[in-house]
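Colleague: okay, sequence plus prediction incoming.
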Amino acid sequence: MADDFRRSGRDRIRVVVIGDAGTGKSSLIVALATESLPHTVSPVLPPTLLPDDLFEDHVPLTVVDTSSSLQNKSKRNEELRRADAVVLTYACDDPATFTRLSKYWLPELRKLEVKAPVIVVGCKLDLLDNNQHVSFEQVMSQLFLQFPEIVFCLECSAASLYQVAEVFYCAQKAVLYPVHPLFDHNRKTLTDRCVRALRRIFFHCDQDMDGALNNAELNEFQIRCFGTPLEPSQLMGVRTIVQQKVPEGVNQLGLTAEGFIFIHEMFLSEGRPEIIWAVLRKYGYDNDLKLRDDCLPVPSKHAPDQSVELTSEAMEFLNGIFRLHDTDKDRALQSAEVDKLFSAAPECPWNDAPYIDAAERTDTGCISMGGFLSQWALMTLLDPSRSLANLIYIGYSGSPAAALRVTRRRSVDRKKQATERNVFQCYVFGSKNAGKSTLLHSLLGRPFSSDNTPTTVEQYAVNVVEMIGGSRKTLILREIPEGRVTEILSEKNFLAACDVAVFVYDSSNERSWKRSRELLEEVARQGELTGYRVPCLLIAAKDDLPPYTRAVQDSVKATQELGIEAPIHLSMKFGDSSNVYNKIVNAAQHPHLSIPETEIGRKRKKYHHSVIFASVGTAVAFVGLAAFRAYAVKRNSSA
């Protein structure tokens, strides 16, 4: 467990001790460090480093004493923001200091947004009058309910060294084995993420996939996590306990998922979170109950104009997993089937933007096979690490390194005049109400809508496009809001991830056409400046409306001047979008064509060519002069 802590970049645990004056903070630290209590103790001690062999996890502790005075509040707050754990003290013989916990100290920690676990410690237990002793569990239960950030409560005595070491052992334990990711204090049960993680581990251990862990599978799990098998009597004891508490947790085949989860819940109720964390960390989980980065060998992109795609092995797995979860065999997944698919993941990755509304669905709201595979393609392009993690969550057991591949650089594709990509990203530019969103919706098979709500944030649409000849390519449309173009184009590498850019304009609107031309020229200039030049297409939308005559003439002239194809005219209202997506993919498959060239770009190229020509001429003249001199020297020597 210490290795997991150090993997986070830290080599020691920092424990900050706070509380009212006179509650025994400094005495508590001295008693731990010296195993004795001197007669005089400094009001505030300097940071105390404890040896790493003090506790079994061998992680050094730095204990920081603090002053409770107002003059030192800023310094104390600074220490609290750096704390890994907080020890909050009160005096057992002074009820007023206990009242101050809920009235001042704990609200103050919330105000400072301190996320560190809190250990509440009653000091000076030896001074407590037993006749006045109220049930410790009774008073603490109310505090636990009000402040779930408290993970341990205990009493101690520095004078008699009673439970002094336990205070800091609990602090270390709270950092190394945090309870909050595991336990929902409101529902009094395991958190949803913890249950999902344990469910994935259960599925992984259930090698014969019969829905239960037999004795051999249980022992293999036990050896992997704890290094030793269970005795037959212990295996029988586990089955007996589970059967008594959760009858559905055991069947004739062995321990079911419900029983497996119950066992871990039982360990937590006994105050042994380290058992659950030993299991979770052995299977690669971090403190957020997600797979650690070191378990996700995502291939590195060496240049901004590379992208990541799923391999054929991963695609084959996804095809199989789709059919497995399509229980009604209607070639679509209902919401319940998708939830079941991701039941062992921290959450369904498609419930939030940009994925939630980006793929094709049936009339009943189910996700089709094409939509399913397209969602994975989009997630892999935008967040390869998340895509790989979710592949593993849903049961991918192949080599993680074999699931993803890095594509060739787009600049190399242009030189070779061909591409090996299967997934293309198209940026969609245009003025407000030009029809950008309609272009995205049509890709997903959605009916035309006259709703003209302007897009203010980027949105995506992804689907498989059938090409002439039978090949299938995945097209991702990324809509760029008009108001964000300047900001976005200021990013040097923005165009690096683009395979083709389209510029949509309302063919009946003068302002729309002029704005699209401006955007096209801006993108062309940016491509020339950064080297990330992309094929560009103009789309004259709303072709069912009376055209703006000047735009028809200007658009043809503009495309000729820039050296790109003539505008594509279409009307989404009449469903005239059947081949626009083929044209977009075709432009992406021929990355050396349809690249606009501005007047400045042409002048720069002409100057570059003239410089090269002059350089070559100078070099030829120099070589000729050198040859003549050599000839003259040779002739003089002969004479």
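Modeller: Happy to help now that I have it. Residues are numbered from 1 along each chain as shown.
Colleague: what ranges do the helices span in the stretch 101-250 of the chain?
Modeller: For the stretch 101-250 of the chain, the helices defined by DSSP state H, counting those that start in this stretch cover 106-111, 136-146, 164-176, 192-205, 215-226, 232-245.
Colleague: single out the most deeply packed of the ones you listed.
Modeller: helix 164-176 (a mean of 23; mean count of other Cβ atoms under 10 Å). The way it works is simple: take the backbone N, C-alpha and C, and place the C-beta from them, glycine included.
Colleague: not counting it itself, show me its contacts.
Modeller: 1-2, 4-5, 13, 15, 28, 31-32, 50, 54-55, 57, 59, 61, 63, 84-85, 87, 116-117, 119, 121, 151-152, 154, 156-158, 273-274, 277 (Cβ atoms under 8 Å, 6 or more residues apart in numbering).
Colleague: how about the strands in the stretch 501-639 of the chain?
Modeller: With DSSP state E, counting those that start in this stretch as the criterion, the stretch 501-639 of the chain has strands at 536-541, 568-569.
Colleague: closest one to Glu337 among these?
Modeller: strand 536-541 (36.4 Å; Cβ to Cβ).
Colleague: mind putting the helices of the stretch 101-250 of the chain into JSON lines with mean pLDDT and distance to Ile476?
Modeller: JSON lines is the format used below for the helices of the stretch 101-250 of the chain (pLDDT from 0 to 100; distance: least, Cβ to Cβ, whole Å):
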{"stretch": "helix 106-111", "mean pLDDT": "96", "distance to Ile476": "43"}
{"stretch": "helix 136-146", "mean pLDDT": "84", "distance to Ile476": "49"}
{"stretch": "helix 164-176", "mean pLDDT": "94", "distance to Ile476": "42"}
{"stretch": "helix 192-205", "mean pLDDT": "97", "distance to Ile476": "29"}
{"stretch": "helix 215-226", "mean pLDDT": "96", "distance to Ile476": "40"}
{"stretch": "helix 232-245", "mean pLDDT": "93", "distance to Ile476": "48"}
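Colleague: closest to Met467 out of those helices?
Modeller: Once these are compared by Cβ to Cβ, helix 192-205 is nearest, at 37.6 Å.
Colleague: list the helices and strands that closest one packs on?
Modeller: helix 215-226, helix 257-269, helix 273-282 (3 or more Cβ pairs under 8 Å, 6 or more residues apart in numbering; DSSP states H and E).
Colleague: hmm, 7 Å instead?
Modeller: helix 215-226, helix 257-269 (3 or more Cβ pairs under 7 Å, 6 or more residues apart in numbering; DSSP states H and E).
Colleague: in JSON lines, list those along with distance to Leu529.
Modeller: Listed next are the helices and strands packed on helix 192-205 as JSON lines, based on distance: least, Cβ to Cβ, whole Å:
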{"stretch": "helix 215-226", "distance to Leu529": "55"}
{"stretch": "helix 257-269", "distance to Leu529": "57"}
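Colleague: so which of these gets nearest Arg187?
Modeller: helix 257-269 (11.8 Å).
Colleague: give the rounded mean pLDDT of that closest one.
Modeller: The average of the pLDDT scores along helix 257-269 is 95.
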